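**Q** What shape does this take:
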Amino acid sequence: MAVGRCVSHLVSILGLVASRPTTPTFSHTGQVLARAVTFQFALDPNVQQNVLLAKCAGARRFTVNHHRARVKTNLDARSDEREAHSESGESPEPSTPSLSWSAFSFINEFNAWKNGEADDSPLNEDGSCGLVWRHELPHDVFECASVDAARALENFFASRRGERSGTPVGFPRFQAKGKVTPSFRLRNRATPGKAPSSQPIRFTDPSHLRLSKFGPVKVFGSSRKVRRMIDGGRFHVYSATLTQRAGRWTVSLTGVAAELHQAERSRSNRHAVPVGVDRGIISLCVAADANGVPFESFEGVKTLKQAHASLKAANQALARTTPGSKGRQRAKSRLATRHRKVANTRRHLVHLASKALVDRCQVLAIEDLNVAGMVRNRRLARSISDAAMGELFRQILYKARWHGVEVRVVDRFFPSSKTCSGCGEIRNDLDLSTRTYVCGACGLAIDRDLNAAINLARWRPKEPSAVTLLALTPALLLSTA
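**A** I've put the predicted structure just below:
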């Protein structure tokens, strides 16, 4: 897989759109599509398409800000009325009606507003109402942006009520140009079962992807795998998300695909003994089986450390430019390009390691680390972020589902590094600087990461339900995709 100019690797879409049907989806060839996947390509648009891409990204920001402003105004008015009623002793219920924050209500409201059918629609110089430029862009841009705005508000109030796990989510911020990543989404608007040639989003030839209002857009890299899957009825595209990072537009084709071949899901040459995977900073991960045999060690990801000098020079060059000048724009582009290369290289190395583990092992045991909490350590934050611990865990999870591999998620409080793999003695005085584990009871001297991997492979849950059998839950991807 090429890194940098061509971005065509396969990625997971856990946590994207959670509105897909749970019933089986069938293609035009009769195949069952139940595996959620995304293919990502770098684009090479022409001048007119570049302008249209920028307009679509701006239209998405405009739509999200429109809904945010309406909800903010309504909440402020109702809050002021409650305060006024409480001071006067009247009923605390405000007279201003509350707004509906569902995706359908947002779509209907904005369509009426931009088409000039609402009372508060914008008035143009020629006397017409509505947005005069609305027909220049795909209408999916406005509707998908309305869905995103509704989801952001839903996450905020769910977090406020304590119904959403994880970091608390604040009220959606105003999306200013230059402060947010330009992005928008287009739906395929084609039900599974129709021929690929009749779908709005399709490949017209090996190097061009057709999008609504854009026409054929040139893509980098080989699209043979995706085209063969679409033509054979093994992949159906739900939507295309276009994003600009570091001056380059990429498209992510999200959809559902057929399960991998049975021979791929039940390989007889896989390692039958459970294999433990210990993630670290010096090494990307160290794998060993439950018998104490080292399985494989993958070199640590040090892309950020290696590019530190060039990133420092790019940051200094940016600091010397004048705000708002063309030179500052070029300096920002050079800095973003270097960061993009670091991220692509890191992701490529993690893909290689996760694919090798899933292909060669039948049972994997990996520890559930609190990576977000570990990053708070300011002395290790850069190294932990560069090690891509969370990304490796994520890739192993979704690739294991595809290949029928069982993944055992070990409790994060299990002392894998402090436990002797020879006699089971726990050494509580072990610090991060000690790279060789020496047991005081049996005298075993072993690499720290290898010792932890062996202990992870031997871990067994107290209850059978604590084992995550990812190979038996193919519908989980569909419910979260």
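**Q** Against residue 416, how distant is the residue nearest to residue 457 when sequence neighbours are not counted?
**A** Leaving aside its sequence neighbours, residue 457 sits nearest to residue 276 (CB to CB, 6 or more residues apart in numbering; 3.3 Å). Where you see a C-beta, it was placed from the backbone N, CA and C, and this is true even at glycine. Residue 276 is 8 Å from residue 416, where distance means CB to CB, to the nearest Å.
**Q** Looking at these two, which one has more neighbours?
**A** Just comparing residue 276 and residue 416: by other CB atoms under 10 Å the higher neighbour count belongs to residue 276, 29 against 23.
**Q** any idea which helix or strand comes after whichever helix or strand that one is part of?
**A** Assessed by DSSP states H and E, residue 276 sits inside strand 275-279. Downstream of strand 275-279, the next assigned helix or strand under DSSP H and E is strand 283-289.
**Q** Can you tell me which helices and strands that next one packs against?
**A** On a contact count with 3 or more CB pairs under 8 Å, 6 or more residues apart in numbering; DSSP states H and E, strand 283-289 meets strand 275-279, strand 294-299, helix 326-360, helix 448-458.
**Q** Tell me which of the ones you listed sits nearest to residue 309.
**A** helix 326-360 (10.5 Å; CB to CB).
**Q** buried residues in the closest one?
**A** Residues of helix 326-360 classed as buried: 328, 331-332, 334-335, 337-351, 353-354, 357-358, 360 (neighbour count, 16 or more other CB atoms under 10 Å).
**Q** which helices and strands sit right next to that helix?
**A** On a contact count with 3+ CB pairs under 8 Å, 6+ apart, helix 326-360 meets strand 283-289, strand 294-299, helix 303-306, helix 308-319, helix 389-403.
**Q** deepest of the ones you listed, which one?
**A** Across the helices and strands packed on helix 326-360, averaging neighbours per residue (mean count of other CB atoms under 10 Å) puts strand 283-289 on top, at a mean of 25.
**Q** mind checking how far that strand is from the chain centre?
**A** Here strand 283-289 shows a centroid-to-chain-centroid distance of 25 Å under the convention CA atoms, centre = their mean, to the nearest Å.
**Q** residues in contact with it?
**A** Here strand 283-289 makes contact (CB atoms under 8 Å, 6 or more residues apart in numbering) with 271, 273-280, 294-301, 349-350, 353, 357, 361, 387-388, 392, 447, 449-450, 452-454, 457.
**Q** Neighbouring strands - and their directions - for it?
**A** strand 275-279 (antiparallel), strand 294-299 (antiparallel) (DSSP bridges).
**Q** residues in contact with the residue nearest to residue 457?
**A** Residue 276 neighbours (CB under 8 Å, 6+ apart): 287-290, 364-366, 416, 452-459.
**Q** in the sheet, who's paired with it?
**A** Going by DSSP bridges, residue 276 is paired in beta bridges with residue 288, residue 365.
**Q** got a markdown table for the strands paired with strand 283-289, with distance to residue 63 too?
**A** Converted to a markdown table, these look like this (distance: least, CB to CB, whole Å):
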| stretch | distance to residue 63 |
| --- | --- |
| strand 275-279 | 40 |
| strand 294-299 | 44 |
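**Q** List the residues that are in contact with both of residue 276 and residue 416.
**A** Residues touching both residue 276 and residue 416 (CB under 8 Å, 6+ apart): 452, 453, 455, 456, 459.
**Q** Quick one: which of those residues is the most crowded by neighbours?
**A** For the shared contacts of residue 276 and residue 416, the largest number of neighbours (other CB under 10 Å) sits with residue 453, at 34 neighbours.
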